[in-house]
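# Okay, here's the prediction I keep looking at, along with the sequence it came from:
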Amino acid sequence: MSVNTDQIPEGYSISDDPSLLDMDVIYNYIGKESYWSAGMPRQILEKSVANSLCFGIYFQGAQVGFARMITDKATFAYLADVFILKPHRGKGLSKRLMEVIIAHPDLQGLRRMMLTTRDAHGLYASYGFSPLRKPQNIMERHHPDVYKPEQ
């Protein structure tokens, strides 16, 4: 699936084709630079990508952005690992990426989509995401140091 190319800056494309994903680019950002998963071992990242519905943003064929949906494709999806490399930010690519994700055929009719973000609330709100209506109903097991070597 790809988005209407009239809405994407020239030279860019968005695809859900897993054969186009560049794991070096994805790992260098998520495993080394991201605030949410720095230190994640590459094999764990590769397993997460292999078991998710992934989207890549490409500039002249080179990967410059990424997002993945963890989903059963029937009732639930969780948006994770969204990034656009710094030289390509400010061009509306995150908006185009969200349009592709929200319109994807495998993500229609879901009861719930969730995500967490530190700094992009405005972007996601414009696509229907909102704070939890009943946060008291949500629980988690969170292990933020799971990728750090034991001391």
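Here it is on my side, so go on. Residues are numbered from 1 along each chain as shown.
# which residues sit against the longest helix along the chain?
Looking only at the chain and at elements set by DSSP state H, the helix with the highest residue count is helix 93-103. With C-beta atoms under 8 Å, 6 or more residues apart in numbering as the contact definition, helix 93-103 has outside contacts at 1-3, 7-9, 12, 14, 16, 55, 57, 64-65, 67, 69, 79, 82, 84, 107, 120, 123-124, 126-128. (C-beta placed from N, C-alpha, C; glycine too.)
# Same check on stretch 13-25?
Among residues not part of stretch 13-25, those counted as contacts by C-beta under 8 Å, 6+ apart are 1-3, 5, 8, 42, 45-46, 49-50, 53-58, 62-64, 66, 85, 96-97, 100, 104.
# State the next helix or strand along the chain beyond the longest helix of the chain.
Beyond helix 93-103 on the C-terminal side, the first helix or strand identified by DSSP states H and E is strand 112-115.
# If you count neighbours, what's buried in that next one?
By neighbour count, and taking 16 or more other C-beta atoms under 10 Å as the criterion, the buried residues in strand 112-115 are Met113.
# Output the contacting helices and strands for it.
The criterion is 3 or more C-beta pairs under 8 Å, 6 or more residues apart in numbering; DSSP states H and E, and the helices and strands that strand 112-115 contacts are strand 76-84.
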